[in-house]
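Student: Sequence and predicted model, in that order:
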Amino acid sequence: MEKGTISIHTENIFPIIKKFLYSDHEIFLRELISNATDATKKIESLAALGEYKGEIGDTKIKVTLNKEGKTITISDSGVGMTSEEVKKYINQIAFSGATDFIEKYKDKKEEVQQLIGKFGLGFYSAFMVAEKVQLVTKSWQEGAEAVMWTCDGSTEFEITPSVRPERGTDVILHIAQDSEEFLDKYRIQSILEKYCKFLPYEVEFEGKVINNTKPLWTKNPADLKDEDYLAFYKELYPISEDPLFWIHLNVDYPFNLTGILYFPKIKQDLAVQKNKIQLYQKQVFITDEVKEIVPEFLTLLHGVIDSPDIPLNVSRSFLQADSNVKKINSYITRKVADKLQELFKNDRTTYEAKWESLDVFVKFGMITDDKFYEKATQFLLLEDIEKKRYTFDEYKDLISTNQKDKNDNLVILYTTDVEKQDTFIQSAKKRSYNVLKLDGILDSHFINTIERKLEKTTLKRIDSETIDKLIDKGESLSSALTESEKEKIIEIFKTASGRSEVSVEALPTDEFPITITLPEFMRRMRDMAKMSGGMDYFVSLPEQFNVVINGNHALINKILGIENTDEQQKVAKQLYDLALLSQNMLNGSSLTAFINRSLEMMQ
Ligand SMILES: Nc1ncnc2c1ncn2[C@@H]1O[C@H](COP(=O)(O)OP(=O)(O)OP(=O)(O)O)[C@@H](O)[C@H]1O
């Protein structure tokens with residue numbers, strides 16, 4: 001028997017391990033099974049190199065629970081360790097890994113919490129749940145003797161000769177009193193299913209193999225059919241609807257990454273969609289929080305990414321700056337864009353049928369990622385109120401003759417609510433203007449993005465100005481009113497509306513006598529503020545609107561002719577209320593007054 005002291009600087013590391021890893025004790029199992037996997041891979045490599053000449057035999061990794069004895073054992077048939085190796089790898093290497101971790105993060109509890117679950121402490125994470133750990137191991141090397149290493153969580157260890165018929169390692173965890181929850185078989189089962197579902201070697205628990213050792217992403221895309229991808233999607237997300245399509249990722253250089261990304265049917269509630277991508281490293285589940293690893297818009301996708309080249313033992317900000325992560329990001333972004341482009345080019349009808357679900361995704365990408373924007377201009381679809389869809393180029397062609405203003409700027413008209421803004425839509429139709437429907441949750445951001453990107457193009461909501469000002473072609477109609485009549489009518493309507501922003505324009509006679517317009521800029525600021533929060537100033541502003549009088553409308557002329565001031569105000573108020581009504585802005589006591597006045601006028 002040999003006794004010794006583990007040489008470390010920290011007096012007693014275990015209480016610290018426990019304290020720091022408080023939130024995620026369950027990863028001990030992942031760490032130990034990963035070690036078992038590595039040891040199994042090593043024996044296979046040695047055999048392939050011809051160094052190991054014996055049989056590989058059964059490579060199953062077994063997890064055994066002994067509730068009465070309060071132990072959990074993880075057994076593998078990997079390379080095993082000689083007594084010298086135990087001293088080197090377990091006492092020195094494994095320990096220094098744990099010590100480094102604690103040293104690095106002891107003052108940064110929050111950061112540690114974020115990293116937990118992604119970064120393990122390797123072998124020593126066993127002490128998060130065990131009061132004593134035994135390791136019985138026999139090396140693959142000829143003539144090697146089995147040894148047992150025991151450590152009770154202090155800095156002292158013991159190595160004694162032991163018996164183990166075959167090469168490999170058993171790690172026996174004597175579960176501590178405060179961790180007895182891990183003696184529950186359902187708990188172990190669910191931890192295994194979470195982390196080891198796709199491990200490359202069979203993992204057996206309670207007599208059953210719990211994993212699929214050859215998950216779809218490790219296979220050759222050429223050998224796979226649509227059914228395979230759909231079945232794998234169901235395996236990942238049993239309760240989700242079928243995805244729209246998918247991309248199989250496979251790259252070796254300059255980084256290693258495999259995976260399958262699925263495009264789900266996107267609902268309007270974005271928050272629920274996120275965090276469905278699972279990150280694996282060599283088929284071991286790491287996390288489903290991939291925010292820092294893939295561009296934000298891609299978190300709307302589902303599926304699996306497996307890459308050993310994503311560093312996990314760094315903080316979030318470092319992760320985003322990491323050159324591999326950057327390359328991975330642009331690779332995935334490019335692949336996603338290429339896939340959409342290909343679908344659009346090859347089968348536009350099918351693509352359009354899926355557009356409703358793709359809309360949010362593509363726009364999210366365009367808003368947040370410049371590179372994606374460039375590519376997406378080829379396959380983004382704009383939908384008009386007749387439900388016809390156009391690419392950017394098609395749309396530009398469509399409106400280029402009729403919707404240019406006097407400065408040669410293209411004006412794109414849009415509605416956010418076909419029902420409510422119908423009056424304005426009808427006016428636009430009379431001019432044969434096309435109106436886009438931009439009523440999605442991201443559209444207010446999207447509008448700002450495309451306006452910034454497109455040259456000599458502005459977007460205006462259909463009710464932001466009167467029709468001839470929306471697209472100002474510099475051809476004004478002659479006014480039926482004299483200057484003094486104009487002033488008079490403005491005064492009448494200022495009194496009737498109680499507002500100061502009243503103006504007269506010479507509009508066609510068949511346009512409404514009064515129009516309420518909501519200036520584009522202020523409305524956009526309010527919309528954005530509501531969406532993103534934080535810009536309380538804009539949310540708190542009263543709704544800004546302008547009252548525009550159509551000086552050419554017969555009723556306006558009629559009002560000027562009414563001699564009785566009360567009578568004149570009554571008609572003016574009625575017209576103003578009708579304008580409010582058409583903008584859905586008439587409510588409360590004003591609405592009641594309007595109804596009463598209408599009834600009275602009908603008698
Ligand atoms: N089941 C095992 N069979 C053979 N060797 C093992 C086994 N478990 C651990 N080891 C040895 O002990 C070393 C230290 O293990 P530990 O898990 O602490 O670190 P690691 O696996 O090298 O890195 P990581 O921090 O990524 O887990 C391993 O590198 C390996 O050589």
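Tutor: In hand now; what should we look at? Numbers count the residues shown, from 1 in each chain.
Student: residue of this protein with the smallest distance to the ligand?
Tutor: Gly122 (2.5 Å; C-beta to the nearest ligand atom). Glycine gets a C-beta too; all of them are placed from N, C-alpha and C.
Student: Return the set of buried residues in stretch 446-465.
Tutor: Residues 446-447, 449-450, 457-465 are the ones in stretch 446-465 that count as buried (16 or more other C-beta atoms under 10 Å).
Student: in the chain, which segments are predicted with low confidence?
Tutor: Residues of the chain that meet the criterion pLDDT under 70 lie in 4-23, 93-121, 267-275, 312-320, 531-542.
Student: Walk me through the domains of it.
Tutor: Taking automatic domain parsing as the domain assignment, the record places the domains of the chain at 2-209, 216-337, 382-470, 483-519+539-602.
Student: correct me, but the residue of the chain closest to the ligand touches Asn35?
Tutor: Yes: between Gly122 and Asn35 there is a contact under C-beta atoms under 8 Å: 6.9 Å.
Student: For those two, work out which one has more neighbours and name it.
Tutor: More neighbours surround Asn35 than the other of Gly122 and Asn35, with 22 against 19 (other C-beta atoms under 10 Å).
Student: thinking again about what came up before, would CSV of the domains of the chain with distance to Lys371 be doable?
Tutor: Output for the domains of the chain, formatted as CSV (distance: least, C-beta to C-beta, whole Å):
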stretch, distance to Lys371
domain 2-209, 27
domain 216-337, 6
domain 382-470, 13
domain 483-519+539-602, 33
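Student: was I right about Ala572 contacting Lys494?
Tutor: No: with contact defined as C-beta under 8 Å, Ala572 does not reach Lys494; the gap is 9.7 Å.
Student: who's more crowded, these two?
Tutor: A direct count of neighbours by other C-beta under 10 Å for Ala572 and Lys494 places Ala572 higher, at 24 against 15.
Student: Setting aside sequence neighbours, what's the nearest residue to that one?
Tutor: Setting aside the residues directly before and after it, Ala572 is nearest to Ala496 in space (C-beta to C-beta, 6 or more residues apart in numbering), at 3.7 Å.
Student: just Gln574 next, same as before
Tutor: Closest to Gln574 by C-beta to C-beta, 6+ apart is Arg597, at 6.0 Å.
Student: residue boundaries of the strands in the stretch 51-200 of the chain?
Tutor: 61-66, 71-76, 130-138, 147-151, 156-161, 168-175 (DSSP state E, counting those that start in this stretch).
Student: which stretch among the ones you listed comes nearest Asn434?
Tutor: strand 61-66 (63.3 Å; C-beta to C-beta).
Student: Give me the contacts around the closest one.
Tutor: For strand 61-66, the external contacting residues (C-beta atoms under 8 Å, 6 or more residues apart in numbering) are 29, 33, 36-37, 40, 71-76, 183, 185, 188, 192, 199, 201-206.
Student: Return the members of these classed as buried.
Tutor: For the contacts of strand 61-66, buried by 16+ other C-beta under 10 Å: 29, 33, 36-37, 40, 71-76, 183, 188, 192, 199, 201-205.
Student: These: which ones sit near the ligand?
Tutor: 36, 76 (C-beta under 6 Å from any ligand atom).
Student: Just the buried ones among the contacts of strand 61-66: which are in helices?
Tutor: Counting by DSSP state H, the buried ones among the contacts of strand 61-66 place 29, 33, 36-37, 40, 188, 192 in helices.
Student: Tell me the secondary structure at the residue most central in space within the chain.
Tutor: The C-alpha lying nearest the average C-alpha coordinate of the chain belongs to Thr299 (C-alpha atoms, centre = their mean; 3.0 Å). Secondary structure for Thr299, judged by DSSP: H, G, I helix; E, B strand; the rest coil, is helix.
Student: Can you name the residues of the stretch 151-300 of the chain that neighbour the ligand?
Tutor: Residues of the stretch 151-300 of the chain lying near the ligand (C-beta under 6 Å from any ligand atom): Thr169.
Student: Helices of the stretch 151-300 of the chain, start to end?
Tutor: Using DSSP state H, counting those that start in this stretch, the helices found in the stretch 151-300 of the chain span residues 185-196, 226-236, 270-273.
Student: Packed most tightly, which of those would that be?
Tutor: Mean neighbour count (mean count of other C-beta atoms under 10 Å) peaks for helix 185-196 among the helices of the stretch 151-300 of the chain, with a mean of 16.
Student: tell me what that helix is packed against?
Tutor: Judged by 3 or more C-beta pairs under 8 Å, 6 or more residues apart in numbering; DSSP states H and E, helix 185-196 is in contact with helix 27-48, strand 61-66, strand 203-205, strand 284-287.
Student: Now do it against strand 71-76, angle only.
Tutor: 30 degrees (axes from the mean of the first three to the mean of the last three C-alpha atoms, to 10 degrees).
Student: now what about helix 185-196, what contacts it?
Tutor: Contacts for helix 185-196 (C-beta under 8 Å, 6+ apart): 26-27, 29-30, 33, 63, 65, 67, 72, 181-182, 203, 205-206, 210-211, 284-285.
Student: Tell me what angle it forms with strand 61-66.
Tutor: Interaxial angle of helix 185-196 relative to strand 61-66 (the same axes, to 10 degrees): 160 degrees.
Student: Tell me, how many residues neighbour the residue nearest to Gln574?
Tutor: Neighbour tally, Arg597, other C-beta under 10 Å: 15.
Student: quick one: buried residues of the host helix or strand of it?
Tutor: Arg597 is part of helix 588-602, with elements assigned from DSSP states H and E. By 16+ other C-beta under 10 Å, the buried positions in helix 588-602 come out as Phe594.
Student: and it, what does it pack onto?
Tutor: If you count contacts as 3+ C-beta pairs under 8 Å, 6+ apart, helix 588-602 packs onto helix 565-582.
Student: Apply 6 Å and report the result again.
Tutor: Here helix 588-602 touches no other helix or strand, going by 3 or more C-beta pairs under 6 Å, 6 or more residues apart in numbering; DSSP states H and E.
Student: between that helix and helix 565-582, how big is the angle?
Tutor: Using the same axes, to 10 degrees: helix 588-602 against helix 565-582 is 120 degrees.
Student: contacts for helix 588-602?
Tutor: In this structure, residues lying in contact with helix 588-602 by C-beta atoms under 6 Å, 6 or more residues apart in numbering are 574, 577.
Student: hmm, back to that, just the ones of the buried residues of stretch 446-465 in strands?
Tutor: 457-461 (DSSP state E).
Student: now the residues you listed as a markdown table including distance to Glu501?
Tutor: A markdown table is the format used below for these (distance: C-beta to C-beta, whole Å):
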| residue | distance to Glu501 |
| --- | --- |
| Thr457 | 27 |
| Thr458 | 22 |
| Leu459 | 23 |
| Lys460 | 18 |
| Arg461 | 18 |
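Student: Could you export those as CSV, including distance to the ligand?
Tutor: Formatted as CSV, those follow (distance: C-beta to the nearest ligand atom, whole Å):
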residue, distance to the ligand
Thr457, 53
Thr458, 55
Leu459, 52
Lys460, 57
Arg461, 55
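Student: tell me the two of these that are most distant?
Tutor: Among these, the pair separated by the greatest distance (C-beta to C-beta) is Thr457 and Arg461, at 14.7 Å.
Student: Now do the end-to-end distance for stretch 420-436.
Tutor: Start-to-end span of stretch 420-436 (C-alpha to C-alpha, to the nearest Å) is 14 Å.
Student: in that stretch, what counts as buried?
Tutor: Under 16+ other C-beta under 10 Å, the buried positions of stretch 420-436 are 421, 423-425, 427-428, 433-436.
Student: Sitting in strands, which of those residues do you find?
Tutor: 435-436.
Student: Just the ones of the buried residues of stretch 420-436 in helices?
Tutor: 423-425, 427-428.
Student: Turn those into TSV, including distance to Leu591.
Tutor: Shown next, in TSV, are those (distance: C-beta to C-beta, whole Å):
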residue	distance to Leu591
Thr423	17
Phe424	21
Ile425	23
Ser427	24
Ala428	27
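Student: Pick out whichever of the residues you listed sits closest to Pro165.
Tutor: Ile425 (82.6 Å).
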